[in-house]
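Q: Next one to model:
(chains A and B)
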Amino acid sequence: MNFLIIAILSALLQIFAPWWVIAIVPVVVLLWRPSRSSGAFWSGFGGIAVPWLLYGYYQHFISDGALSDRVAKIFMLPNGILLLLVTGLIGGLVGGFSGLAGYWVRQLFRKHPAPLLGPAA
Amino acid sequence: MKFVKAILFIAITAGLVYVLDKPWAPAPALGPFLSPFCGLWQNSEEVIDPKTRITLPLDSLRDEVTIRFDDSGVPHIFAKNDFDLFYAQGYITAQDRLWQMDLQTRAAAGRLSEILGPATLTLDQQSRRLGMGYGAEANLKVAMTDPRSREALLGYTAGVNAFIRQLAPKDYPIEFKLLGYKPEPWKPINTMYMLEQMTLTLAGRSNELAMTNALKKYGKETIAQLFPDYPMLQESPIIPSGTAWDFPKLPIPKAVPPMVPGDSNLLSSKSLTALPPRAPKEEGIGSNNWAVGAEKSITGYPILANDPHLELSLPSIWYQVQLHSPDMNVYGVSLPGIPSVIIGFNERVAWGVTNVDADVFDLYKIKFKNEYRNFYWHDNQWKPTHKREEIIYVKGQLKPYREQIIYTHHGPVTESDGTFGQLTNLAIKWIGHEPGNSFITFYELNKAKTYDDYRKALTHYVGPAQNFVFADNEKNIAITVNGKIPLKYKEQGKFVLDGSSPADDWHGWIPAEQNPFVKNPPRGFVSSANQSSADTTYPYYINWSFAPSERGIRINERLQAMTNANADSLRMLQNDNFSVLARTLLPRLLSILETRSLTPKQKAAHILLSNWNYQNSPESIAASIFETWFPLLGQTIWNDEFSSLEAPMEYPSRDRTLYLILKQPNEKWFDNVNTPEKEALPDVVYQSFNASLDTLTKRKGAMSPEWQWSKVKDAEIRHLSRSIKPFNAPPLVTGGGSSIVNAMTKRKGPSWRMVVELGPTPRAYGIYPGGQSGNPGSPYYLNLLKKWEKGELNELIFLTSPDQKVPHLASTLVLQKR
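A: Numbers count the residues shown, from 1 in each chain, chains lettered A, B, ... in the order given. Model prediction:
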């Protein structure tokens, strides 16, 4: 669920906001909504990386990789798909750490530690 | 603990953003560059649906403009007035080629370092020292006084800026993203810079320092023998021999013997030294054009052809466009940054250009009063110099580079002969500084209806001087060696000139109507391939040396023989790979070789050469051997006498070398002065033959299909940046060569090939190696390359109305007045 919120929100905002809004959206979402710490990383990672991968792949596909394959070679990569994966990884990392930042700041404001298991033993 | 983790992850996130938001040279900032929402991915383009119709409201338009695209990506612009027409040309050219326009303007203006850093400082200094800015400003003043050029410049500028204004950072061309800068507003002076750049490329060379060094070493007589003012062996001048010069000849200025270093009016007798060399006269930049008259043509109307030769790049230097207004309907190639069509045709006429290579770049030795260089001696008095400050901003450096350029009435003093300490003392007199309005020539050619319109259009042209070929559907053909050409005494400018003597100044111009020309010659065709403008009967001095004659000779032989020509006959001639040089020289070389005993490897090469049909076809190994051999032959003959590090000298020309070999086989020049033995022609031939086989073996191994001419020539078309290799064209298979009609060398070649059949309606064909779009992510980046490589031409679509139903038409763009 956090993943979906981050994905949709970040995709909408990136249409007119600068690129680093991908570092803001996960913080805000994970500040506001509950999660586990691992979930915070992966929803941040996926919420940024998945739209990037999908949108990037779409652009690669409609142009037959004309630009992506060429730019990949500038970066010593063999093809545009690999460039796309690197793109997704970089975006995802920013999203993931941003999610963790949000999670831990949220923890600062909680009086009790977040339960790791179900009802208290 | 929680606090630590919170701070930690905030810090990591902030750190990542910081690192990704900064460029780490040479890479751009990776965050914005890789994001699919604003980075490189955004530059991917798909093929536009042909049925697309887009309407764009734009500021400053006076009326509506309709643009039809065809499936090659060529825009056909229909406007209702000149301002809108050139507005649309500016808008569309910017849409396809914005970075090219930005880069080429910066190169001309000496502003590359602003975006590329200190690596380009030397290039920028050269542009400033050459006075490109000075020339552009002078030309802009003139252009703004003529209402036609003024309207065109203002319209074009408004169109380019309308395009730039609607760009968000995610829409910037990929090169802006890679280099990390944004497009700046376009100014009318940028068009003048593009014209200066053309002038520099085609008329910005000089070899007078090298000639003066040679003069000093060998003296007047030898120089006159080795550097004659007209080819000695063979020539087929542009204006055919026998053409009468039917005009009252102006008196020629009095000749002045050249200054030889060591004369009393020089500051010292030290030998002349060369400077960071202005690129010497290179073969490869030039062009072919010709037209056959109605009697030689199967259509009953003339057919015209042009293929300009330039350094090939992606995107192409040319941009195809059709311009239609109430009084103009023209199709052809334009230069991004300059309104109008430069080479093309309309409903009645067709024209094309090749470079004349008149001597319009001279060096004057200046005698300064002292090292402050505030005064220089001219006409028996001290005259004041004036200074122009040039400021070059360099990326990454806080303080800009500043230089005071000293100007005399000749021009900027930015070359040196080494006799004034570290200071420059040679002034440059260059046609690029001469104010004029060459744009009007193209504007009037675009609208021309008759031969008289053509002749009138030519009178406005300043430079670089071009051989304008012409044909019309009244069945005229003509060619004019055209431009503002200084009225000089014979050989004025062949050597460094005396900057203190008015006798050496430029004495006015050849009147435009006295420039060499011919109309409907008896031989039934006109042509030019950068060779001598006319034979020695022409009364005025244009230059002492032109391009080697082989292309002109071959073209004229073939046109002479042509009957019932059609467009395809001319296309085939454009692709002709025959080597007149080989025909002229090789039989003699082979017979000399046969007097020696040859090793098996040499025998194999000899057999190939003997059986060769002199065609530089892509698969020919004989062509590779000959093309490697001939330059080495020239070097073997001349290096010992003419190579010098401290005082570089000009080498005798190809024609002179051929004459020496074929007609003067016992001259002393064949002897290598650096060896005790006395070499003769056979030794030179044998040595250079051997050296050529060694060179090929070193590069490509033992003789094998790797020796094929296409692989040895290894032609390439580079991206305009010359450094982003993945944007280059894929490897090419080409034949031809320098001094062959198909003038394809490693990097230079036919940048546009066009053939126009005149008639009640024109039928035209053309192609260039690339595509209309400068975006490597566009399907129109190199869609035309394959066909060009195969020597084919596309049929050019010439519309008479925007709603015509014609095959190959695609999307529509309507620019509306807002």
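Q: ok, residue B:452 to residue B:459 distance?
A: 11 Å (C-beta to C-beta, to the nearest Å). Glycine gets a C-beta too; all of them are placed from N, C-alpha and C.
Q: try residue B:289
A: Note on residue B:289: its distance to residue B:459, by C-beta to C-beta, is 20 Å.
Q: Of these two, which one has the most company?
A: Between residue B:289 and residue B:459, residue B:289 has the larger neighbour count (other C-beta atoms under 10 Å in any protein chain shown), namely 28 against 15.
Q: Next one: that one from residue B:559, what distance?
A: In this view, residue B:289 and residue B:559 are 12 Å apart by C-beta to C-beta.
Q: and what of residue B:312?
A: Taking C-beta to C-beta, one finds residue B:312 at 26 Å from residue B:559.
Q: average pLDDT across the helix or strand harbouring residue B:224?
A: Assigned by DSSP states H and E, residue B:224 falls within helix B:208-226. In this model, helix B:208-226 has a mean pLDDT of 95.
Q: same deal with stretch A:12-30?
A: Mean predicted lDDT for stretch A:12-30 stands at 95.
Q: How about stretch B:401-415?
A: 95.
Q: Who are the contact partners of the closest residue to residue B:57 other than its chain neighbours?
A: In this structure, residue B:57 finds its nearest non-sequential neighbour in residue B:818, 4.2 Å apart by C-beta to C-beta, 6 or more residues apart in numbering or on different chains. Going by C-beta atoms under 8 Å, 6 or more residues apart in numbering or on different chains, residue B:818 touches B:57, B:58, B:59, B:61.
Q: can we see that at 6 Å?
A: Shown in contact with residue B:818 (C-beta atoms under 6 Å, 6 or more residues apart in numbering or on different chains): B:57, B:58, B:59.
Q: so how far is chain A from the closest residue in space to the second one that isn't next to it in sequence?
A: To tie it back to what came earlier, the one meant is residue B:58. Using C-beta to C-beta, 6+ apart and skipping the chain neighbours, the partner closest in space to residue B:58 is residue B:162 (4.9 Å). Going from residue B:162 to chain A by C-beta to the nearest C-beta, to the nearest Å gives 22 Å.
Q: Pull the residues that contact the helix or strand harbouring residue B:162.
A: Here residue B:162, judged by DSSP H and E, is contained in helix B:147-165. Residues from elsewhere that reach helix B:147-165, judged by C-beta under 6 Å, 6+ apart: B:58, B:60, B:82-83, B:86-87, B:90-91, B:94-95, B:143-144, B:183, B:185-186, B:188, B:191, B:339, B:437, B:439, B:443.
Q: next one: stretch A:68-78
A: Applying C-beta under 6 Å, 6+ apart, the contact partners of stretch A:68-78 are A:60, A:79, A:80, A:83, B:40, B:726, B:727, B:776.
Q: and which of these is nearest to residue B:390?
A: Closest approach to residue B:390 among these (C-beta to C-beta): residue B:727, at 31.4 Å.
Q: Now for the residue nearest in space to the middle of chain A: which residues touch it?
A: Closest to where the C-alpha atoms of chain A average out (C-alpha atoms, centre = their mean) is residue A:48, at 2.4 Å. Contacts for residue A:48 (C-beta under 6 Å, 6+ apart) come out as A:10, A:22, A:91, A:92, A:95.
Q: hey, where'd the helices end up in chain A?
A: Counting by DSSP state H, chain A has helices at residues A:2-14, A:25-32, A:37-62, A:66-74, A:80-108.
Q: can I get these in CSV with distance to residue B:811?
A: Converted to CSV, those look like this (distance: least, C-beta to C-beta, whole Å):
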stretch, distance to residue B:811
helix A:2-14, 29
helix A:25-32, 37
helix A:37-62, 16
helix A:66-74, 19
helix A:80-108, 26
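Q: so where's the chain shaky on pLDDT?
A: Chain wasn't specified; assuming chain A. A:111-121 (pLDDT under 70).
Q: you looked at the wrong chain, it should be chain B
A: In chain B, residues with pLDDT under 70: B:262-284.
Q: Kindly provide the distance from the residue of it found nearest chain A to residue B:295.
A: Closest to chain A within chain B is residue B:777: 3.0 Å, counting by C-beta to the nearest C-beta. Distance, residue B:777 to residue B:295, by C-beta to C-beta: 50 Å.
Q: Between those two, point out the one with more neighbours.
A: A count of neighbours by other C-beta under 10 Å puts residue B:777 above the other of residue B:777 and residue B:295, at 26 against 11.
Q: Find the residue closest to the more buried one in space, skipping its chain neighbours.
A: residue A:67 (3.0 Å).
Q: What residues does the one you found make contact with?
A: Counting by C-beta under 6 Å, 6+ apart, the residues that residue A:67 touches are B:43, B:44, B:776, B:777.
Q: is it possible to export those residues to a markdown table including secondary structure?
A: Putting the contacts of residue A:67 into a markdown table (DSSP: H, G, I helix; E, B strand; the rest coil) gives the following:
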| residue | secondary structure |
| --- | --- |
| B:43 | helix |
| B:44 | coil |
| B:776 | coil |
| B:777 | coil |
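Q: What is the nearest of the residues you listed to residue B:216?
A: Nearest to residue B:216 among the contacts of residue A:67: residue B:776, at 50.7 Å, using C-beta to C-beta.
Q: hang on, the closest one packs against residue B:726?
A: No. Look at residue B:776 against residue B:726 with C-beta atoms under 6 Å: they stay out of range, at 8.0 Å.
Q: higher neighbour count, these two?
A: residue B:776 (27 against 14).
Q: What separation is there between that one and residue B:484?
A: As for residue B:776, its distance to residue B:484 is 40 Å (criterion: C-beta to C-beta).
Q: Kindly report the same for residue B:673.
A: Taken as C-beta to C-beta, the span from residue B:673 to residue B:484 is 44 Å.
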